[in-house]
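In: Turn this into a structure:
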Amino acid sequence: MNKTQKGACYGILLSLLLAGIVIFDLIDTIVGWPTKVLVGAVWGGLLLVPVYFLERKKGPRGVDMDERDKLIEKNANLAGFGAVYLYVIVMSFLPIGILGEEASIPVTWCPVLLIGAGFC
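Out: Modelled structure (predicted):
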């Protein structure tokens, strides 16, 4: 895996971590702390597995650069755009699914959602 692919994977993991923090905070308002601790442990464990595979060394030398790098970079950029679109769609409908159609969320959540989309 080259540097661009690894960066794209870390970007996706960071966006999942931020989405988990938002969900984690919403869970706190709905249920008690034991469920919050359980969800946090499961989410953290799920995010650590890809980090292990990304950081594991496979051989004594790195990947050679060749003409396929532009194609790989283009695919990584498309995956990043897809992650942003998925994040925006999920974060648009998640409060409705968790809180219901009649509830509202504070305006202070808007910067959090924007920052999460920026990290994606």
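In: any idea which helix or strand comes after the longest helix belonging to the chain?
Out: Longest helix in the chain, counting residues (DSSP state H): helix 69-99. As assigned by DSSP states H and E, the chain's next helix or strand after helix 69-99 is helix 109-119.
In: for the protein, which spans come out with low pLDDT?
Out: Residue ranges of the chain with pLDDT under 70: 1, 27-33, 56-65.
In: Show me what the helix or strand harbouring Gln5 packs onto, helices and strands only.
Out: Assessed by DSSP H and E, Gln5 sits inside helix 3-30. The contact analysis (3 or more Cβ pairs under 8 Å, 6 or more residues apart in numbering; DSSP states H and E) places helix 3-30 against helix 33-55, helix 69-99, helix 109-119. All C-beta atoms are positioned from the backbone trio N, CA, C, and that covers glycine.
In: what residues does the shortest one touch?
Out: Spelled out, that is helix 109-119. Gly11, Leu14, Ser15, Leu18, Ala19, Val22, Val84, Tyr87, Val88, Met91 (Cβ atoms under 8 Å, 6 or more residues apart in numbering).
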